[in-house]
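>>> could you look at this predicted model? Sequence included:
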Number of protein chains: 2
Amino acid sequence: MPRIIVRGVGEFEVERGANLLEALRSCGVPIAAGCGGHGLCGMCRVRVVAGELSPPTRREAALLSGLLERGWRLACQATVLGDVEVEVPLRRARVKRRLRPSIPISTPLLLIPVRVVENPPSVEEALISELRRLGVNVRTASLRALASMAAAASRGGSDKIAVIMDGELVDLIDDYRGFGLAVDIGTTSVAASLVDLASGNVVGEEVSLNAQLRFGGDIIARIQYAATRANGVRELQEAVVDTVNSLVEKLGVPSERIYRVVVAGNSVMLHLFYGVNPRTLGSLPFEPVYRRSISARSGELGLRVNPQALVESLPILGGYVGGDVVGDMLASRILEYGTAMMIDVGTNGEVVVKKGDRLVAASTPAGPAFEGVGLSHGMMAVEGAVERVKVSWEGVEYRVIGGGDPQGICGSGYIDLLAELLRMGLLSESGRMVRGPRVREREGVLEFVLDEERGVALTQLDVRKLQLAIAAVKMTEKYLLRLLNVDVRELETVIVAGDFGYHLDPSNAMEVGLLPKVDEDLVEFIGNGSLTGAEMFMLSREAREEALRLAEACEVVEVPRHNKAFIEELKLGKWREP
Amino acid sequence: MPRIIVRGVGEFEVERGANLLEALRSCGVPIAAGCGGHGLCGMCRVRVVAGELSPPTRREAALLSGLLERGWRLACQATVLGDVEVEVPLRRARVKRRLRPSIPISTPLLLIPVRVVENPPSVEEALISELRRLGVNVRTASLRALASMAAAASRGGSDKIAVIMDGELVDLIDDYRGFGLAVDIGTTSVAASLVDLASGNVVGEEVSLNAQLRFGGDIIARIQYAATRANGVRELQEAVVDTVNSLVEKLGVPSERIYRVVVAGNSVMLHLFYGVNPRTLGSLPFEPVYRRSISARSGELGLRVNPQALVESLPILGGYVGGDVVGDMLASRILEYGTAMMIDVGTNGEVVVKKGDRLVAASTPAGPAFEGVGLSHGMMAVEGAVERVKVSWEGVEYRVIGGGDPQGICGSGYIDLLAELLRMGLLSESGRMVRGPRVREREGVLEFVLDEERGVALTQLDVRKLQLAIAAVKMTEKYLLRLLNVDVRELETVIVAGDFGYHLDPSNAMEVGLLPKVDEDLVEFIGNGSLTGAEMFMLSREAREEALRLAEACEVVEVPRHNKAFIEELKLGKWREP
């Protein structure tokens, strides 16, 4: 099979006779292609360094003219005849690195240059005929597109770019820019990424606290608020929609250019986002109202993106285990392992264990400590947060996100602190702080001082809250491992999802007992997999199908809550036996 | 073939072995059937007076119990085996008689009794399974239905009525009431009727002035406003949506129980209703932006009905000839005649002529005179309007809608007045008023006094405005008749649509020249056919298909505007030669 070398990206094998654009996209290369491969937009141009491709077509001659001689081609018009080396002018992603597996890209958007002419029998019919002539089938136009047509139509014709989503003409615009929004709704924080739908590249990412926090810190509080207040659901829905709207604003593109939204989150967050009361999740038998991937129009939700945009969710697996875990599973490709464990630690923690054909998942209320909420100097993993700490008898070293002075400590910083103090004996396995260097008493409570000047410290109370959070996750991990009869030594990988995990030091996570003791190399950090999964769901037909398959295949279990067992798990320290 | 006699309705022939409910509905009998014939709702019960039907089923035994012995059956469960006579408990329509042809009824709504139980794996999936067990296939639930499920779900189960539209579960309610709204948007007035979607019966009707009137009296003024003001389209759209919302309020049912809306109107009215600028209709080549039947969600339009309701329009034929004419053609069954003419006289007048396979239509700006607007004592055909007038040398007799004192004169009253004054010589063919009994001068202008006490009169100025309106229609009629080479004597029918026509005296309409001189018996008044057509589109699959066929088959032509010819047509009086 011929090989394609993409400079600076990698080397791939493809079928002889393959279309170059499709070949690149099937290898996950995020190459722009507005018109979906019709040779109309000119966005997919690549420079051929060497190799065998089919001769240029007439459309290439028209769109590239002089560039053709200098080796440029439209990938959508070129057929691979042998080995080929190309340079793809990739738009660089402007976001922190998240691992996104190489998946075949098939964005739902087309951008086609058209002329809007006042021709019989109507402007719409004339335009749809023109598109058909170009090889693009459009069934219908949205009200917004009709409104744009009415504004643009003239006897001579006006040049526009037609935006087509899933066979519907949704808009007429003046440049080749159309975006998708992926959203991860966490109980504590909400993250959103902006996807360029022409290329599949992520071009922006923002995070902020979930405005629902004012109604309670965890999902139980949210359910109670929804179940007992007259307008509870509406208030909670408005709060999270406002949060997403503020993220859209921060992302800085015209909101009406966002044509698709995919949302991930735990079951309660997804219910509330769509205005569905999660009250049945609040009591036995803990059933969700729905599980499937919802598809609503943004207008129904008050979301400030294009009013015709579809707002889809990743499917819920059952109970509290929602679309966030589906996203993590897509992003981590967990199905490709024989035996694996995955954790996503947020306010609601989720654990998945896979062995052979079985896939089990459970959720646990960890509380917001890992997200830095409720701790004396806690903060989210954003600029100014201490994300890594090293403590020795000589002193303390720490790393602050974005450099600069420490404003507080985020989850990973707290795990480092606990691990280091455990190693030094400044903290007992039971979580009691011991007097020593940098440990002082303030208002009767011991605290370990990280930064004297700003008073940033870990208090005895913080340790207690972190212990509770770690114990909740640990108990769930052990329960699922026992359920599938997995020995920790069998694990081929331990996947850590979540922004918190992204900054985590694996040996320290094992030291405090958040992860089982395995070879450090086996621990994989995928960052916010829920967000990555939402992007994949938006960009890839294969990922979409896999998500729906996962929703069928995964068993959701309830972890029995025995007080005695839980108290046992409060003990900090390494573990191997589930 | 067996005969079905429906007491008080009529006698029909049906196939042996036919389902009784389907047989009745295919004959156009508006019989209630919430569950679509699954024997679940018990609404389709009829009393069998005599005849051969299949034996009662188990579902009938469960739902009817004692009534069974007294001859009651569920029509949906009974098979016709021979002649049968039944009594159908028809809900009487509470509206003025409009002719609606007997069409097979197939309402888009199902009302199915269900239990909403908190069962695994989710409330929605459990409910959809229950419906499937009952024989009802539902693909998905709307957000509103999910919200209702969340409120209703309990471990034991709550009884609800599931509202299903086109395979989507849209609501959960507590009784068997679901409605549709048919709307006719005229340039001057807007009419709406409320349809009981369980039976197909019309249960209410309201009319009011189009709030767009403040932006100009005719469609040209509306187009100019839309084309030249920054927010013109939005203002015009809001005005008509407000008008429809006020009609919904007057109809007095909970607005969220309206699950489907069908809108008819001329092209400009339909463009504005959907927020599409009609500017291309304002200048050559007068093409509409779109022609097809639009389908939008009520939420997109600000319509206060169920937010998930689909708002559909009748297709536009071309130019100014819109969905109102399609509605008229459905209601009048014009396709069943060999040679026929139809007029719909509103602010914008439309004329259709059919001969053999050809069907041509044209529109004409008649102005709002026929709707009583712009005349010194003009008013709509509502309570208090003089609708019929007889003048003799002895005096004046008139009929007021709703009895009572005359408040003003509506279109049909004006036509009567013109005809009577012509006959008596008090008005010349050129439209000049002549002094005589009841003719007096006021501020230099002659007027014919109808009611001395209230000062209700026809002025010379009114006559001029009416002449212009009549001439516009007449010129269009003659042009189309000539185009298809139709002699007036060939016409098998002259159909008069529009609320104005409903009150019209045919001989007087011929006397003034609004209609060609034909045998009076050939003139058919169908009332607001646009509204009736919208109801038919909502209630019958056959009507829907016919509407789409008509949109294909009808040629729309422009009537050449020669000043000289128009001035000729200003002359009042009978005509036969086109």
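Right, received. Where do you want to start? The structure presented is a predicted model; accordingly, all values stated were derived computationally and were not measured. Residues are numbered from 1 along each chain as shown, chains lettered A, B, ... in the order given.
>>> could you find the closest non-adjacent residue to A:Ile164?
A:Leu110 (4.1 Å; C-beta to C-beta, 6 or more residues apart in numbering or on different chains). C-beta here means a position set from N, CA and C on the backbone, and glycine is covered the same way.
>>> the one helix or strand that neighbour maps to pairs with which strands?
In this assignment (DSSP states H and E), A:Leu110 forms part of strand A:109-116. For strand A:109-116, the paired strands and their directions (DSSP bridges) read strand A:158-165 (antiparallel).
>>> buried set for the strand it pairs with?
Across strand A:158-165, burial judged by 16 or more other C-beta atoms under 10 Å in any protein chain shown covers A:Ser158, A:Lys160, A:Ile161, A:Ala162, A:Val163, A:Ile164, A:Met165.
>>> which among these gets closest to chain B?
Nearest to chain B among those: A:Ser158, at 12.0 Å, using C-beta to the nearest C-beta.
>>> you'd agree that closest one is up against A:Ser148?
No. Between A:Ser158 and A:Ser148 there is no contact under C-beta atoms under 8 Å: 10.2 Å.
>>> would you list the phi and psi of A:Ser295?
phi -140, psi 110 (degrees, to the nearest 10).
>>> look up how far A:Glu546 lies from it.
18 Å (C-beta to C-beta, to the nearest Å).
>>> and for A:Glu568?
38 Å.
>>> immediately after the helix or strand of chain A with the lowest mean pLDDT, which helix or strand?
None of the helices or strands of chain A scores lower by mean pLDDT, DSSP states H and E than helix A:499-502, at a mean of 76. Once the chain leaves helix A:499-502, the next helix or strand it forms, by DSSP H and E, is helix A:506-512.
>>> and that next one, which residues are buried?
Neighbour-count burial for helix A:506-512 [16+ other C-beta under 10 Å]: A:Pro506, A:Asn508, A:Ala509, A:Met510, A:Glu511, A:Val512.
>>> just the CA trace of whatever helix or strand comes next after that helix, in CSV.
Downstream of helix A:506-512, the first helix or strand assigned by DSSP H and E is strand A:523-527. What follows is strand A:523-527, C-alpha atoms only, in CSV (Å, rounded to 0.1, in the frame of the first residue of the first chain):
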residue,chain,number,x,y,z
VAL,A,523,-0.9,5.5,33.9
GLU,A,524,-2.3,7.5,31.0
PHE,A,525,-3.6,11.1,31.4
ILE,A,526,-6.1,12.1,28.8
GLY,A,527,-7.2,15.5,30.4
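>>> which other residues reach strand A:523-527?
Applying C-beta atoms under 8 Å, 6 or more residues apart in numbering or on different chains, the contact partners of strand A:523-527 are A:96-99, A:328, A:331-332, A:493-499, A:501-502, A:504, A:506, A:509, A:515, A:532.
>>> select only the buried ones of those in ChimeraX?
Entered in ChimeraX, the line below selects the buried ones among the contacts of strand A:523-527, by 16+ other C-beta under 10 Å:
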select /A:98,328,331,332,493,494,495,496,497,498,499,501,502,504,506,509,515,532
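>>> beta partners of A:Gly10?
Here A:Gly10, judged by DSSP bridges, has bridge partners A:Val6.
>>> tell me the contacts of the residue nearest to A:Gly275 when sequence neighbours are not counted?
Excluding its sequence neighbours, the residue lying closest to A:Gly275 (C-beta to C-beta, 6+ apart) is A:Gln237, at 4.7 Å. Taking C-beta under 8 Å, 6+ apart as the criterion, A:Gln237 is in contact with A:Leu272, A:Phe273, A:Tyr274, A:Gly275, A:Leu301, A:Gly302.
>>> list the buried residues for the strand holding A:Leu110?
Result for strand A:109-116 [16+ other C-beta under 10 Å]: buried residues A:Leu109, A:Leu110, A:Leu111, A:Ile112, A:Val114, A:Arg115, A:Val116.
>>> which one among these gets closest to A:Gly356?
Nearest to A:Gly356 among the buried residues of strand A:109-116 is A:Leu109, at 38.9 Å by C-beta to C-beta.
>>> once you drop chain neighbours, what's closest to that closest one?
In space, A:Leu109 is closest to A:Leu197, 4.0 Å off (C-beta to C-beta, 6+ apart).
>>> what strand or helix carries the closest residue to A:Asp405 other than its chain neighbours?
Closest residue to A:Asp405 apart from its sequence neighbours, by C-beta to C-beta, 6+ apart: A:Arg454 at 6.7 Å. Under DSSP H and E, no helix or strand contains A:Arg454.
>>> A:Arg454 contacts A:Pro406, doesn't it?
Yes. A:Arg454 lies in contact with A:Pro406 (C-beta under 8 Å); the separation is 6.3 Å.
>>> out of these two, which sits in the more crowded spot?
More neighbours surround A:Pro406 than the other of A:Arg454 and A:Pro406, with 22 against 13 (other C-beta atoms under 10 Å in any protein chain shown).
>>> pLDDT value on the more buried one, please?
For A:Pro406, the model assigns a pLDDT of 93.
>>> can you pull the contacts of it?
A:Gly384, A:Ala385, A:Val386, A:Tyr398, A:Val400, A:Leu450, A:Asp451, A:Arg454, A:Val456.
>>> circling back to that earlier point, and the residue nearest to A:Asp405, how close does it get to B:Leu461?
For A:Arg454, the distance to B:Leu461 - C-beta to C-beta - is 86 Å.
>>> A:Pro89 now?
73 Å.
>>> where does chain A dip in pLDDT?
Scanning chain A for pLDDT under 70 picks out the ranges A:90-99.
>>> what do you get if the cut-off is 80, keeping everything else the same?
Under the criterion pLDDT under 80, the flagged ranges of chain A are A:8-9, A:28, A:30, A:89-102, A:499-502.
>>> excluding its backbone neighbours, what's nearest A:Glu383?
Nearest to A:Glu383 is A:Gly402, by C-beta to C-beta, 6+ apart, at 3.6 Å.
>>> kindly apply the preceding question to A:Pro104 instead.
Closest to A:Pro104 by C-beta to C-beta, 6+ apart is A:Ser26, at 4.4 Å.
>>> what about the one you found, how many residues nearby?
19.
>>> for it, list the residues it contacts.
So A:Ser26 contacts A:Val14, A:Pro104, A:Ile105 (C-beta under 8 Å, 6+ apart).
>>> can you tell me the residue of the stretch 301-450 of chain A closest to chain B?
A:Gly318 (5.6 Å).
>>> how many residues are close by that residue?
A:Gly318: 24 neighbours (other C-beta under 10 Å).
>>> what's near enough to touch it?
A:Ser267, A:Pro288, A:Arg291, A:Cys554, A:Val556, B:Pro120, B:Pro121, B:Ser122.
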